[in-house]
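1. pasting the structure only:
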């Protein structure tokens, strides 16, 4: 089940092995993928927050579904699972699910991830 006390230790799982593998070691491509993630994910998170505020479960599920696979590239399966659980909650419209609390639990990790990705990209 979803860990409401998700913490920044999740970044200890962070690695670029998957991204490096699909990029064939091409650092320029890796940088482009990181840039795309950093550029696209924050607006998606903002859209997710708006959908949550509006109780738009269809949009919540759609956005969470769209975001969740991107964490695989950074070795962050726990975040993929977290967004999968947000998606499942939205699809079920379960009253006791508290989607907003689930999202708020991962936001600090996302902020650290963005910063870590900038550092990694600058080291290429």
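-> Ah, there it is. In this text, all values refer to a predicted model and were calculated from it rather than measured experimentally.
2. C-alpha only now, for contacts and for neighbours.
-> Noted.
3. distance between stretch 113-124 and the chain's centre?
-> On the basis of C-alpha atoms, centre = their mean, to the nearest Å, stretch 113-124 sits 16 Å off its chain's mean C-alpha point.
4. what does that stretch contact?
-> For stretch 113-124, the surrounding residues in contact (C-alpha atoms under 8 Å, 6 or more residues apart in numbering) are 11, 27, 28, 30, 31, 34, 38.
5. and it, what's buried?
-> Buried residues in stretch 113-124, counting neighbours by 16 or more other C-alpha atoms under 10 Å, are found at 113, 114, 117, 121.
6. helices along this protein, start to end?
-> 17-23, 27-53, 57-67, 77-92, 99-122 (DSSP state H).
7. what helices or strands is the second one leaning on?
-> To tie it back to what came earlier, the one meant is helix 27-53. Contacts defined by 3 or more C-alpha pairs under 8 Å, 6 or more residues apart in numbering; DSSP states H and E place helix 27-53 against helix 17-23, helix 57-67, helix 99-122.
8. for the second one, buried residues please.
-> Spelled out, that is helix 57-67. So helix 57-67, judged by 16+ other C-alpha under 10 Å, has buried residues 57, 59, 60, 61, 63, 64, 65, 67.
9. nearest to residue 15, of these?
-> Of all the buried residues of helix 57-67, the one sitting nearest residue 15 is residue 67; the distance, using C-alpha to C-alpha, is 18.0 Å.
10. and the nearest residue to residue 88 once chain neighbours are set aside, what does it touch?
-> What sits nearest to residue 88 in space, not counting adjacent residues and going by C-alpha to C-alpha, 6 or more residues apart in numbering, is residue 61, at 7.1 Å. Contacts for residue 61 were tallied using C-alpha under 8 Å, 6+ apart; they are 86, 87, 88, 89, 90, 91.
11. how about these in a markdown table, adding pLDDT, neighbour count and distance to residue 51?
-> Below are those laid out as a markdown table (pLDDT from 0 to 100; neighbours: other C-alpha atoms under 10 Å; distance: C-alpha to C-alpha, whole Å):
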| residue | pLDDT | neighbour count | distance to residue 51 |
| --- | --- | --- | --- |
| 86 | 96 | 27 | 12 |
| 87 | 97 | 24 | 12 |
| 88 | 96 | 19 | 15 |
| 89 | 95 | 20 | 13 |
| 90 | 96 | 24 | 10 |
| 91 | 95 | 15 | 13 |
